[in-house]
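S.K.: build me a model from this:
(chains A and B)
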Amino acid sequence: MSTTRERASARKRYSIGKSVLDTVDERMGSSKFLTSVFDKIFPDHWSFMVGEIAMDSLIILIATGIYLTLFYVPSQTDVVYAPTSGHVYLPLVGQHMSEAYKSVIDITFNVKFGLIMRQAHHWAALIFLAAVIFHMCRIFFTGAFRKPREVNWIIGLLLWQIVSLEGFTGYSLPDDLLSGTGIRVIYSIVQAIPFNIGSWLVYNLWGGRFPGTVFIPRLFVVHEFLFPLLIVGLLTAHLMILWHQKHTDFPGPGKTETNIRGSRIWPQYALKAGGLMMMVSAATFFLAGFVQINPVWLYGPYTPFNVTAGSQPDWYLGWLDGFVRLWPHWEFRSFGVEIPNPFFPGLLFPGIIFGIMFAWPWIDKKIYNDYGSHNLLDRPRDKPFRTGFGVAAIIFFAILTVGCGTDILANNLHIGFERIYQYLQYGMIVGPVVGFTIAFRTCKALQLTDAHPIQKPLGGVIYRTSTGAYHTVGEAHGEDHGAEHAPAEAAADGRGAEELHSPVGGD
Amino acid sequence: MTTTDDSLSQPQHEGHRGEETDVTAAERIPPGRNPRHFGIDPSEPWPDDVPMDQDDTHWRYEHDPKGARRAELRVAACWTVTLLASLGLAVVYIIDANNQLAGLCWALAFAGLGIGLILWARDLMPGHDVIASRGHHDVSAVADRVAAAESLSRGVDAMARRSFLTKLLLPVGAVFGLATIFPLASLGPRAKADLTKTSWGKGTRAVTQDGTPIRPTDLPVDGILTVFPEGHMDDALSPTLLINVGTDNFRMTKANQGWNIPVSGGGNIVAFSKICTHAGCPASLYNVQSKQLVCPCHQSTFDVLLDCKPVFGPAPRSLPQLPLTVNSDGYIVSQSDYTQPVGPGFWSRG
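M.R.: Numbering: from 1, shown residues only, chains lettered A, B, ... in the order given. Model prediction:
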């Protein structure tokens, strides 16, 4: 087939590659490790891709973020926006604003491609959080957090929380009217921490009474240095543990707890992963070009006595703002102290929710009395309680997130916001219960039929045993468990063959 | 294996799939804490099939040179899009850096590269599924675990022999840990009385955003105006709303007698803190018909005629009222600071 010349050039390429690897090996002893890297096997399922999307968004965020840092001025010094060289946004001329806000206006109007970098940075953050949260749900519903992967569940939760805070600090840096209002609310929530810790903390974080003059510069350090350091550090640990423990996989023919099926990372998988990163970038920049995000020049600079109607945080923090809205007007005062209203929806209940999430791997062990290790994933239907609980949690978060838009809903639906508050307050209690019940029963029904929820059954091979019982071999549906190979797999296995074939032959 | 009906179906449906070894092992697990790994005794020999002897060198168009050529051209076409989009980016930059065109060029450049890479991988790269061992238990051999425990106890024993020192170390460490708070304490001043005070005081003139003092006649009936203590525009707790409630029945209590300014011709000016008692947003939407203030952040609603009592939403307390009077020059001034702390709650407020 191949000509002599092709063979010769193949040998040449090989020897070049080998000499490169040898050069490294003589210094690092790396060959064995590199072989394991090239041959690393990853199972393939579309849902495993979402964690990768999160990582790709992070890379976009770092790249665009470094670019923005080169122009942003972290200062609350008051300046008057005056026409200078280049483009000027006329509606703001003559207005007082912080240097930070002015620098963002300049990035937007006066730096070529500055706006698209800003919008790409913001969109990438929104996609990042969406990917992180979808990834968390996938891990939860398939039981991937079970032993031996509890630590990665915890690291993942920490990443989710820090990334959410990173998003908040990021959209607060422009010091515009909308984000300044968000900072004011956060100030009130932090101030609500009992035992005067709250008052002490806000005066230290803000360098005195709100708004002060040091918070934006400090936020800048947190957003550009502290949180990125934590995110990159935790992500590195996350991936190293994943690499070491190997990826989980759905059960299927030929897959066991002790083996792994998938393609080797080099070259096909690696190229596909690179392609995915390019596609995530393409989507981000398409949005950055065509869909406006966070138009701070329309909001105006922050002043403590102004506010815009329609003040919502970015979507991933909406649940917290919704909780703060929907929580009743209770406040407790006795013995000369006060537990302020925002303490309950802003600190106590989020704390309880986070506590349950962090403890879930151990709660799950107790519920299912299962302390063993698992590499094969659960199908959500096979753990109806867990699935129902997860659905209830999603509905709870979703209703709270809707709750952060009460004013927008009231305006667009022409319903008084008082009624919308009531619907959502009932909804945040009733909704999860209904969701749990429906999910639980759906799981039970799916267990009985063993059908794929959204694919029509394809039918399997039915064998009759000597006692007259019928067995369906493989899946009775066309999912990616490789149903069509099932009889062959079973036949290849000694015990499967005995059970399945002898009755047919015996008759 | 289980006490709940949820997971009863687990061994059954796995049993269909011919994973006999593991399922039977799992079924043997006694109830209660099971330390064994993946349902397998760690001391059992581990299957060690590496993917080396499986053939994953085949690729999609291996036996179809024409198909391979077409696949190659498809990839090349995608990358040509990237090339053109990159040139387009240069043109857009030079002309006027239009955001939409830039976004289109960036997106096309990335998408061309990405789709090309994915097609290259799919059509022309080897990468079939192989099966390999997971290699190790993620749990070490018994001897290794014993060795590690012995190494650890070498130090633990030595420490345990001096129980006085180990017990001393805890409180000392705790105190030293607390001492490291001091650098953090430099970040800001102590709150103390600052929490309960604003910049209003006896005879402080109320001025508008541009510093103009106000006479009672400046505010018509149903008018509303944000005012500041003169010279303290930047104090975020001081912004105050002047409202002329007209002839409506404003609720007077013993506490707020004489805090309002009657205006000749039926007016009645009252002043309330603009800072919402819920989360500190400016409660600045005024519904003249119902005489209610609504905070745009979380829709807390205050009835102005009822001394700004909260009537809806999460706000727990009334907006504090500022005692007003008119000074000898005829300008609106405060009689004193607010008589209660302004804004959201805090621990020592109670």
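S.K.: count of neighbours near whichever residue of the stretch 251-400 of chain A sits closest to chain B?
M.R.: The nearest approach of the stretch 251-400 of chain A to chain B comes at A:G289, 1.0 Å away (Cβ to the nearest Cβ). The way it works is simple: take the backbone N, C-alpha and C, and place the C-beta from them, glycine included. Neighbours of A:G289 under the rule other Cβ atoms under 10 Å in any protein chain shown: 23.
S.K.: how about the one 10 residues further on?
M.R.: Counted with other Cβ under 10 Å, residues neighbouring A:Y299 total 19.
S.K.: ok, A:Q447 next?
M.R.: Quick note: A:Q447 (other Cβ under 10 Å) scores 18 neighbours.
S.K.: within the helices and strands, which one has the residue of the stretch 251-400 of chain A closest to chain B?
M.R.: Under the criterion of DSSP states H and E, A:G289 resides in helix A:270-290.
S.K.: what packs against the following helix or strand past that helix?
M.R.: Per DSSP H and E, the first helix or strand lying C-terminal to helix A:270-290 is helix A:296-299. Applying 3 or more Cβ pairs under 8 Å, 6 or more residues apart in numbering or on different chains; DSSP states H and E, we find helix A:296-299 packed against helix A:99-110, helix A:177-191.
S.K.: just to revisit the earlier point, please tell me how far the residue lying closest to the residue of the stretch 251-400 of chain A closest to chain B once chain neighbours are set aside sits from A:T4.
M.R.: Nearest in space to A:G289, with sequence neighbours left out and distances taken as Cβ to Cβ, 6 or more residues apart in numbering or on different chains, is B:G103 at 1.0 Å. B:G103 sits 51 Å away from A:T4, going by Cβ to Cβ, to the nearest Å.
S.K.: circling back to that earlier point, where does the residue of the stretch 251-400 of chain A closest to chain B land on pLDDT?
M.R.: Residue-level confidence at A:G289 comes out at 97, pLDDT.
S.K.: repeat that for A:P253.
M.R.: 76.
S.K.: residues near the closest residue to B:C308 other than its chain neighbours, how many?
M.R.: If the residues on either side of it in the chain are set aside, B:C308 comes closest to B:L319, at 3.9 Å by Cβ to Cβ, 6+ apart. A count of neighbours around B:L319, defined by other Cβ under 10 Å, yields 28.
S.K.: who are the contact partners of B:L319?
M.R.: B:F272, B:S273, B:K274, B:I275, B:C276, B:T277, B:A283, B:L293, B:F302, B:C308 (Cβ atoms under 8 Å, 6 or more residues apart in numbering or on different chains).
S.K.: return the per-residue confidence for it.
M.R.: pLDDT, read off for B:L319, is 95.
S.K.: kindly report the same for A:N369.
M.R.: For A:N369, the model assigns a pLDDT of 93.
S.K.: what's around it, how many residues?
M.R.: A:N369: 16 neighbours (other Cβ under 10 Å).
S.K.: return the distance of it relative to A:P361.
M.R.: For A:N369, the distance to A:P361 - Cβ to Cβ - is 14 Å.
S.K.: equivalent analysis for B:P323, please.
M.R.: Counting by Cβ to Cβ, the gap from B:P323 to A:P361 is 59 Å.
S.K.: state the helix or strand in which the spatially most central residue of chain A lies.
M.R.: The structure's chain A has its C-alpha centroid closest to A:V132; by Cα atoms, centre = their mean the separation is 1.0 Å. Using DSSP H and E, A:V132 falls within helix A:114-141.
S.K.: next structured bit after that helix?
M.R.: Going down the chain from helix A:114-141, the next helix or strand is helix A:150-172, by DSSP H and E.
S.K.: contacts for stretch B:165-176?
M.R.: By Cβ under 8 Å, 6+ apart, stretch B:165-176 touches B:M159, B:A160.
S.K.: thought the residue nearest to the centre of chain A was touching A:Q161?
M.R.: No: A:V132 lies out of contact with A:Q161 (Cβ atoms under 8 Å); the separation is 10.0 Å.
S.K.: next one, pLDDT for the closest residue to chain A within the stretch 51-200 of chain B please.
M.R.: At 1.0 Å from chain A, B:G103 is the closest residue in the stretch 51-200 of chain B, using Cβ to the nearest Cβ. On pLDDT, B:G103 comes in at 97.
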